[in-house]
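A.B. asks: I'll drop the sequence and a predicted model, then ask my questions.
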Amino acid sequence: MAELTRPSPDAGTPGDVVLEVRDLAKSYPVRRGVVLKRTVGQVQAVDGVNLTLRRGRTLGLVGESGSGKSTLARVLVGIERPTRGAVLVDGQDVSTMSRAERKHLRRSVQMVFQDPYTSLNPRMSVAEIVGEPFRIHPDAVPAGGRRRAVAELLELVGLDPDHANRYPHQFSGGQRQRIGVARALAVKPRVLVCDEPVSALDVSVQGQVINLLEDLQDELGLSYLFIAHDLAVVRHIADEVAVMYLGRVVEQGVGPTVYEAASHPYTRALLSAVPVPDPGAAAASRPLLLEGDPPSPADPPSGCRFHTRCWLAHQIGAARANCADGDAGSVPERCRTQDPALLPPDAPSAPARPDEETGPAPEHVAACHFADLVPGGAPDTSSRTSTSTSTSMGADS
Amino acid sequence: MTTSVPVDVRDRESEDTGDTGPRDVGETLLEVDDLAVEFRGDDGVVRAVDGLGYRVVAGRTLALVGESGCGKSVSSLAVMGLLPPAARVTRGSARFRGTDLLALPPARHREHCGRHVAMVFQDALAALNPVHTVGYQLTEALRARTGASRRDARRRAVELLDLVKVPHAAQRVHEYPHQFSGGMRQRVMIASALALDPDVLIADEPTTALDVTVQAQVMQLLAEIQAERNMGLVLITHDLGVVAGVADDVTVMYAGRAVEQAPVRELYEAPAHPYTRALLRSVPRLAGGGTDADGRLPVVPGRPPAPGRVPSGCAFHPRCDLARDVCRTDVPPLAEAAPGRSSACHFSAEVLGGARG
C-alpha cells in the first residue's frame, strides 16, 4: 500500500498547476465523396479553450452533448492531437517533446471512461485489465512486483483482491467502474480525466463511486478533470467549474460563484433545467427552457455562438423592439456579430474568496455581452434549496 | 389537435367491449394487480416481478421508480404483451377498463394494447427502424389498425410531428431517424405512441439518454400532452428529480416488489420505507448541501440484488440501517402506513415517524 499511496516523486505542493491548456483547438475535417474524398468543411469540436488544473483540486467541465467536452478529454490524455494550442503538464508543452518524453509524461494523465460496460475487455481478467498499463509503462512498477501492485490497486478502490481472476461480467456496474479507476491509477498518475464516470450507474451506487474518487484524491493528492452533464454531481465534487458550449468555455469560476451567481444565460438555463428532487420547489420554479438542440459545430452561429437559443438576447431584443428604435432583429446586433470575450461579470454579488490563490486568472469569468443584465443572485437555485412545501400549488396540470 | 384526426380510430371498435369512450378525470384506466413475471434461464427460474400492483388514472401521472433490475421495465413489458420468450407471467392481472389484458390470447392482447396502451422506449435510436422514413414509422400502426390510406397517413404524420413540436414537420416526415438529434428522435417516439390516441402511455426512461436541457423540453411536452388529452401516464424512471417535477403518484420498486406507494408530495416529505428514504438522501443536490458531516455523499451501502439472488425476508435488509431479526426472515407485506399510502416495511411507522419528527 505504501508504495501506491505515495504519488510520483515530483508531485510538488498543493496548489501547483499540474495541467494547463492554452488556446486549445481540435477540428475534424468533414469529407464528402466515396472514392475521391474532398474536405468540404471543418467541425470545430474544441475552439480556443484555456483551462488550469491545480494539484489536489477538481475542475468540473459541464455542457450539453456536442459541446466538445469529451474531445477535450481525449486531447488531454493523448488519444487525439490538438489542431492548435498547447497542453502543458507541469509547465512543459507536450507537443514539443520527443516521443519518449511524451510517453513518460502521459503516465501523469490517465482517464476513467464513461461506460463501465464497454470500456473493459470482456475477455480479460480483472488482473489483466488492471495490470495492462504496466506493459505500456514498464518502469511504473518493477516486473516482480506487478501482481502485488494489482492486488493493492484493487484494495485501494474497495474491491476484494481475491477476485483478481474474475472477469468483468461477474461484477456490477459500480464495481466495474472501480476496476476502471484501478486501471487508471496503475501507473501512478497525477491527473485523472474522468469522462462521465457515474452517469451509467444507479443512483444509490453513484455516491459510492464519487466518495471513492474523493477519498483517493485526499489520499494520493490527485487532480481531477471531472466531465459530467449532471450539474448536481459536479457541484458536489468540483472546486472549479467550466461550462462549455459549442467548443468554447462560456463561463468559468469557483464552484459556489458559478452555481449561485451564474452570469452566462446558458449556465442559467442549464442550472434551471436540472430536475429538483422536491415536488414543492419543482412546482414553484419554471425552467428557462432552451429551444431546440445545439447548432451543428460544423457551422457555428456568428457572433456569440449561443445567440440562436439565448433567452436573454431574445428578451433584450423584444424590449428594444417595444421601444421602437428600429432594431429589426429579435436579437441584439452585438450578439449576432461580435464574439464575446471571457471577462469578469460586473456582478457585485460574486463573493470574494480570500483563500484563493492570487493567480493571473480572475475567479469568475463569463463570455456574454450582457452578463451584467443576467438577473442577480440566483432566484431559481436559491428557491430550490428550500424544502418548504408551503408554496401554493396552483392548478396543477 | 385531436379533433382533426382524419380517421377516427374509435369507429372501428364498435364491436369491441364497452371499453371505449372519452376518458373522465379520475377514471381508473389500467389496474395491475399481484403481477408476477418469471424468467427461465440456465440458472433456473428467476422471479423478476413479484406481486406488483398499481393503478393508472386518467389525467394523472404514476411514476414507477427503482434501480436497474428492480423489475420496473419488465412489469410494463408484461402489461404490453412484449415480454421476451424466456419470460412469462405466472400470476396476476392487468385490467384495462375491466378487460384483463393478460388473460387475452396474444394477438388480441397486442391489438388491445395497440389501441389503448402505448409505450415510449428509452433508446429512441434503437427503437426506430433506420431504413424507413420517420413518416412511415409514425403511421405504421395507424395504417395497420385502421386501414387509413397513404395520403391520410402522411397528413396524420405531419400533424403528429407538429404536435410534438418538431420544426418543419412537413419536410421532416420524409427524413430518416439518423437525421434527427437525440431529443428529436424521442419526440418522434412520443408522436408514434400517440398515433392512435392511447388512453394510457407508458414511458420507459424517456429522457435518460438526453441532455438536461433537452430532458426538460421532453418532460414538459409529455406533461402538456397528458393534460390536454386527459391521458393516464406511467413514467418509468430512476431519477427522483424528474419524478418530483411531473408525477402525481409514486410506486417505488425494489427487487421485483413495490416497497412504497404514495402521492408524490407525501413521499418526498416523509418517506415510509427505508429504501425510499435512502434513495432520496443519495440524490446529489444542485443547491449544495445534502451531504453528511464529512462532506461526503450519503450512500446506500451495497448494491441492488441481482434478480434470482434476492435475500430472504425483506429484500432490502442487507442494505438497511433499521434491519432487525424479523427482517431477515419475514417478507413484510405492502400495508397501509398512513391514509392513502402504503409501505412494505416491518417498521414503516417508525420510518414515517422519524421522517416527520
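C.D. replies: Thanks, I have the structure now. Residues are numbered from 1 along each chain as shown, chains lettered A, B, ... in the order given.

A.B. asks: Spatially central residue in chain A, please.
C.D. replies: residue A:61 (2.1 Å; C-alpha atoms, centre = their mean).

A.B. asks: Contacts only, for that one.
C.D. replies: Contacts for residue A:61 (C-beta atoms under 8 Å, 6 or more residues apart in numbering or on different chains) come out as A:51, A:69, A:72, A:73, A:225, A:226, A:227, A:228, A:241, A:242, A:244. Glycine gets a C-beta too; all of them are placed from N, C-alpha and C.

A.B. asks: Could you check the pLDDT of residue 322?
C.D. replies: In the absence of a named chain, chain A is used. If you check residue A:322, the pLDDT there is 69.

A.B. asks: try chain B instead
C.D. replies: Per the predicted model, pLDDT is 91 at residue B:322.

A.B. asks: go on, residue B:2?
C.D. replies: 40.

A.B. asks: what about residue A:163, neighbour count?
C.D. replies: The tally of other residues near residue A:163 (other C-beta atoms under 10 Å in any protein chain shown) stands at 16.

A.B. asks: any idea how far it is from residue A:215?
C.D. replies: 20 Å (C-beta to C-beta, to the nearest Å).

A.B. asks: same question, residue B:164
C.D. replies: Distance of residue B:164 to residue A:215, given as C-beta to C-beta: 45 Å.

A.B. asks: just residue A:250 next, same as before
C.D. replies: On the measure of C-beta to C-beta, residue A:250 and residue A:215 end up 32 Å apart.

A.B. asks: now residue B:35
C.D. replies: 42 Å.

A.B. asks: Neighbour count for these two, which is higher?
C.D. replies: Per other C-beta under 10 Å, whichever of residue B:35 and residue A:215 has more neighbours is residue B:35, with 25 against 14.

A.B. asks: Nearest spatial neighbour of the more buried one, chain-adjacent residues omitted?
C.D. replies: Distance criterion C-beta to C-beta, 6 or more residues apart in numbering or on different chains; nearest residue to residue B:35, sequence neighbours excluded, is residue B:92 at 3.7 Å.

A.B. asks: isn't that neighbour right next to residue B:34, touching?
C.D. replies: Yes: Residue B:92 lies in contact with residue B:34 (C-beta atoms under 8 Å); the separation is 4.1 Å.

A.B. asks: shared neighbours of the two, which are they?
C.D. replies: Listed contacts common to residue B:92 and residue B:34 are B:51, B:52, B:53; contacts here mean C-beta under 8 Å, 6+ apart.

A.B. asks: Most neighbours among those residues, please name it.
C.D. replies: Ranked by the number of neighbours (other C-beta under 10 Å), the shared contacts of residue B:92 and residue B:34 place residue B:52 first, at 25 neighbours.

A.B. asks: That residue belongs to a strand?
C.D. replies: Yes: checked against DSSP: H, G, I helix; E, B strand; the rest coil, residue B:52 lies within a strand.

A.B. asks: all helices of the stretch 51-200 of chain B, in order?
C.D. replies: Applying DSSP state H, counting those that start in this stretch to the stretch 51-200 of chain B gives helices spanning B:72-80, B:106-116, B:124-127, B:134-146, B:150-163, B:169-172, B:182-194.

A.B. asks: Looking at those helices, which is nearest to chain A?
C.D. replies: Across the helices of the stretch 51-200 of chain B, chain A has its closest neighbour in helix B:182-194 (5.7 Å, C-beta to the nearest C-beta).

A.B. asks: who does the very next helix or strand once past that closest one touch, helix- and strand-wise?
C.D. replies: On the C-terminal side of helix B:182-194, the closest following helix or strand by DSSP states H and E is strand B:200-204. Secondary-structure packing of strand B:200-204 (3 or more C-beta pairs under 8 Å, 6 or more residues apart in numbering or on different chains; DSSP states H and E): helix B:72-80, strand B:117-120, helix B:182-194, helix B:212-229, strand B:232-237.

A.B. asks: average pLDDT for strand B:200-204?
C.D. replies: Strand B:200-204 comes out at a mean pLDDT of 94.

A.B. asks: What pairs with it, parallel or antiparallel?
C.D. replies: Paired neighbours of strand B:200-204 in the sheet (DSSP bridges): strand B:117-120 (parallel), strand B:232-237 (parallel).

A.B. asks: related to what we said a few turns ago, mind pulling up the pLDDT for the residue nearest to residue B:35?
C.D. replies: Residue B:92 is given a pLDDT of 95.

A.B. asks: so what's it up against?
C.D. replies: Residue B:92 neighbours (C-beta under 8 Å, 6+ apart): B:32, B:33, B:34, B:35, B:36, B:51, B:52, B:53, B:102.

A.B. asks: if you set the cut-off to 10 Å instead, what comes out?
C.D. replies: Applying C-beta atoms under 10 Å, 6 or more residues apart in numbering or on different chains to residue B:92 gives the contacts B:32-37, B:49-53, B:75, B:78, B:100, B:102.

A.B. asks: what do you get for residue B:32?
C.D. replies: Residue B:32 neighbours (C-beta under 10 Å, 6+ apart): B:49, B:52-56, B:75-76, B:78-79, B:92-96, B:101-102, B:234, B:251, B:258.

A.B. asks: Same question for residue A:243.
C.D. replies: Residue A:243 is in contact with A:60-63, A:67, A:69, A:231, A:234, A:249-253, A:258, A:262, A:264, A:266-267, A:270-271, A:366-367, counting by C-beta under 10 Å, 6+ apart.

A.B. asks: Among the residues you listed, which are located in strands?
C.D. replies: Assignment to strands by DSSP state E places the following of those there: A:60, A:61, A:62, A:249, A:250, A:251, A:252, A:253, A:366.

A.B. asks: I figured the last one was touching residue A:242, is that so?
C.D. replies: No: proximity of residue A:366 to residue A:242 does not meet the contact threshold set by C-beta atoms under 10 Å, at 11.0 Å.

A.B. asks: Run a quick neighbour tally on the residue in the stretch 101-250 of chain B that chain A sits nearest to.
C.D. replies: Here the stretch 101-250 of chain B gets closest to chain A at one residue, residue B:241, 3.0 Å apart by C-beta to the nearest C-beta. Neighbourhood size, residue B:241 [other C-beta under 10 Å]: 22.

A.B. asks: In terms of pLDDT, where does it sit?
C.D. replies: Residue B:241 carries a pLDDT value of 87.

A.B. asks: could I get the helices of the stretch 51-200 of chain B as CSV with distance to chain A?
C.D. replies: Conversion of the helices of the stretch 51-200 of chain B to CSV gives the following (distance: least, C-beta to the nearest C-beta, whole Å):
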stretch, distance to chain A
helix B:72-80, 12
helix B:106-116, 21
helix B:124-127, 13
helix B:134-146, 16
helix B:150-163, 14
helix B:169-172, 13
helix B:182-194, 6
